[in-house]
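Visitor: pasting a predicted model and its sequence here:
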Amino acid sequence: MTDTLQADGLTDEALKDLAERAGRELEDSSASDILRWAADTFGNGFCVTSSMEDAVVAHLASQVFPGVDVVFLDTGYHFEETIGTRDAVGAVMDVNLITLTPRQSVAEQDVEYGPKLHDRDPDLCCALRKVKPLEEGLTAYAAWATGLRRDESPTRANTPVVGWDEKRRKVKVSPIARWTQDDVDAYVAEHGVLTNPLLTDGYASVGCAPCTRRVLEGEDARAGRWAGRGKTECGLHG
Ligand code: SF4
């Protein structure tokens, strides 16, 4: 990382220009080079978010930015395998693991909104347990990295490798946007990267337990998320 950070003191408009230019210039760059650009540009103002479906982006980032902040959102509804993956990542990887939690526990939310809000109003449940906590957690950063890939679903087909997150007014880095599932599998195998055990148990995408099912043959990777509820994204990436 350089001593002088390119992003220091920039206005939101300048950050937006920087992100959009980087998105064009880094489109054909490797995931490591994209993350190196982010580390050099933002330093400690940069974090990786991880759903702990796998630790590929966290691993990539830790190679170019040892000790990088890796942010995990604990909704209170995760599979125990996801929490186990989070704990393993914190134990074996050179990252600073940060767990964000919603303002209310599940029990407190049940008292205020009634039980199983995820079945009755999943948008509100995601807003309370995902979107709001992440927005609060990201205030400490100018840029965040995600593991979004264009091949995951039609809604992600135009994901830039670096772009501007207008909702949060942050630079959003998606270093593996151009990767396929085969690329992910190859990286995992080559580097022995931690993955959520549910990925080998029929789950192609892992979210909260009440809103995630196994995928069927021929379905896209995210078909098991909020199946039958007319919802495809939690609001973190919309
Ligand atoms: Fe609630 Fe389901 Fe969203 Fe998790 S994925 S926050 S349980 S609606």
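Guide: Perfect, I can see it now.

Visitor: which residues of the protein fall in strands?
Guide: 46-49, 68-73, 95-100, 143-145, 162-165, 170-173 (DSSP state E).

Visitor: contacts (any at all) between the ligand and stretch 216-224?
Guide: No: Stretch 216-224 does not reach the ligand (CB under 6 Å from any ligand atom); its nearest approach is 11.7 Å. C-betas here are computed from N, CA, C, even on glycine.

Visitor: return that stretch as CSV; C-alpha atoms alone will do.
Guide: Extracted in CSV, the C-alpha atoms of stretch 216-224 (Å, rounded to 0.1, in the frame of the first residue of the first chain):
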residue,chain,number,x,y,z
LEU,A,216,-32.9,-28.1,-8.3
GLU,A,217,-31.1,-29.3,-11.4
GLY,A,218,-31.2,-26.6,-14.1
GLU,A,219,-32.0,-23.7,-11.7
ASP,A,220,-29.7,-20.7,-11.4
ALA,A,221,-27.5,-20.4,-8.4
ARG,A,222,-29.9,-18.0,-6.6
ALA,A,223,-33.1,-19.8,-7.3
GLY,A,224,-33.1,-21.2,-3.7
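
Visitor: average pLDDT for that stretch?
Guide: Mean pLDDT, stretch 216-224: 81.

Visitor: and for that stretch, what's in contact with it?
Guide: Stretch 216-224 is contacted by residues Glu152, Ser153, Gln181, Tyr203, Ala204, Ser205, Thr212, Arg213, Arg214, Val215, Thr232 when judged by CB atoms under 8 Å, 6 or more residues apart in numbering.

Visitor: where in the protein is pLDDT low?
Guide: By pLDDT under 70, the low-scoring segments of the chain are 1-4, 235, 238.

Visitor: nearest to the ligand, of the strands of the chain?
Guide: The ligand lies closest, by CB to the nearest ligand atom, to one member of the strands of the chain: strand 68-73, at 8.9 Å.

Visitor: that closest one pairs with which strands, parallel or anti?
Guide: Within its sheet, strand 68-73 is paired with strand 46-49 (parallel), strand 95-100 (parallel), according to DSSP bridges.

Visitor: is that strand anywhere near the ligand?
Guide: No: Strand 68-73 is not in contact with the ligand by CB under 6 Å from any ligand atom; minimum separation 8.9 Å.
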